[in-house]
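Colleague: sequence plus predicted model, see below.
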Amino acid sequence: MSLLKTNEIQNYNGSSLTLTASTVSTSAQLNTGGNISVTGSLNVSDDSTTRTNLGLGTIATQDSNNINLTGGTIGSGVVFPSNHIIQVVQAKKTTGQSIGSTVTGISGLSQSIVVKENSKVLICINLGMVSSPAGADAFFYLYRGGSALSGTTHSDTTSNAHTFGQYIDNSYLYNTVSFMYLDESITSAGSYTYQPYAKSGSGTNITINKRAADTWSGGISTIILMEFSA
C-alpha cells in the first residue's frame, strides 16, 4: 500500500479535481468552500446529527401519508380539502335597537371575513327581538357588501325583497329569530362583509335585544361566518 502525505492538493489546469478511486475516506472533518455534488447515494453514520445540521428536523423521518405537524404556520397558498372549515369569525350585539317599516341594518352585526378564491361562506344569524303591537310582521334580509345578497330574496306583499319573514303574534314577548345561508357565489379572494337587515310591517315596530315597551337591553344577538374550502 502506498502512502501520500500532503497539506494541499491543487488541480493543475482545470476547475475540477477528479478522484477515480471507488472509495475516498477521511477520518477528519472535510471542509470545502464550494458545492459538493453527489451522483450516487450519500451515506452517513450519524443520521440524527446530519438532519439537524441540514435543518430537516423530525419531518424528514415521517412517511408522506402520515405526517405529524406540531408547530409552524399554514401559509395562504395551502390548498385545503373540499368543504374543509378554514376559519370562523363572529360578531355579537348586546345593545338594543328599534326598527320601523324602513329596511335598516342591524347595527353591531356587520362582520367581515377575508376568504380564498372560490371559497364558500356559511352565515349563521341569531336575533333576539320583540314586536309591537301584537301580530306585527317582521322581515329580515341578508346583505353582502352593502346590498341584498343575490339569490336570497323573494318578494313580500309590499314588493320589498326579503330573505326570511317572521310573524309575531304576541306583543312584548321576547322571540328568537335564527337563519342560515350558504354563500356559494364567491369567485375571487378578498374581504367580504355580511350584515342582517330588518323592517317591520306598516304601522308597527320591532326591537332587537330589548322589549318594545322600554329602553333597556336584555338580549344578545350574533352573526357567525364560517369559510369553507371549494
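Modeller: Thanks, I have the structure now. Numbering: from 1, shown residues only.
Colleague: listing partners with orientation, what would you give for the helix or strand containing residue 196?
Modeller: Using DSSP states H and E, residue 196 sits in strand 190-200. Paired neighbours of strand 190-200 in the sheet (DSSP bridges): strand 104-105 (antiparallel), strand 111-115 (antiparallel), strand 137-144 (antiparallel).
Colleague: including distance to residue 86, mean neighbour count and mean pLDDT, could those go into TSV?
Modeller: For every residue, glycine as well, the C-beta is placed using N, CA and C. Converted to TSV, the strands paired with strand 190-200 look like this (distance: least, C-beta to C-beta, whole Å; neighbours: other C-beta atoms under 10 Å; pLDDT from 0 to 100):
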stretch	distance to residue 86	mean neighbour count	mean pLDDT
strand 104-105	26	16	94
strand 111-115	8	18	97
strand 137-144	18	22	85
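Colleague: in a markdown table, list these along with distance to residue 125.
Modeller: What follows is the strands paired with strand 190-200, written out as a markdown table (distance: least, C-beta to C-beta, whole Å):
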| stretch | distance to residue 125 |
| --- | --- |
| strand 104-105 | 13 |
| strand 111-115 | 10 |
| strand 137-144 | 8 |
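Colleague: quick one: the strand holding residue 196 to chain centroid distance?
Modeller: 19 Å (C-alpha atoms, centre = their mean, to the nearest Å).
Colleague: how about stretch 28-45?
Modeller: Computed by C-alpha atoms, centre = their mean, the chain-centroid distance of stretch 28-45 equals 44 Å.
Colleague: please name the nearest non-neighbouring residue to the residue positioned nearest the centre of the chain.
Modeller: Geometric centre of the chain, nearest residue: residue 87, 3.0 Å, by C-alpha atoms, centre = their mean. In space, and not counting its chain neighbours, residue 87 is closest to residue 227: 5.0 Å by C-beta to C-beta, 6 or more residues apart in numbering.
Colleague: quick one: the helix or strand hosting that neighbour to strand 137-144, angle?
Modeller: Assigned by DSSP H and E, residue 227 belongs to strand 221-228. Put simply, strand 221-228 runs at 40 degrees to strand 137-144, going by axes from the mean of the first three to the mean of the last three C-alpha atoms, to 10 degrees.
Colleague: what lies in contact with strand 221-228?
Modeller: Residues from elsewhere that reach strand 221-228, judged by C-beta atoms under 8 Å, 6 or more residues apart in numbering: 83-93, 106, 108-109, 111, 113, 115-116, 119-128, 194-196, 208-209.
Colleague: tell me which stretches of the chain form strands.
Modeller: Ranges of strands in the chain, per DSSP state E, are 85-93, 97-99, 104-105, 111-115, 120-132, 137-144, 147-148, 154-155, 161-162, 164-167, 175-183, 190-200, 205-208, 221-228.
Colleague: what mean pLDDT does the fifth one have?
Modeller: For strand 120-132, the per-residue pLDDT values average out at 86.
Colleague: could you list the low-confidence segments of the chain?
Modeller: Along the chain, segments meeting pLDDT under 70 span 1, 11-17, 131-136, 150-173, 211-217.
Colleague: that older thread, hey, what's the residue nearest to residue 87 bridged with?
Modeller: Under the criterion used (DSSP bridges), residue 227 bridges to residue 87, residue 121.
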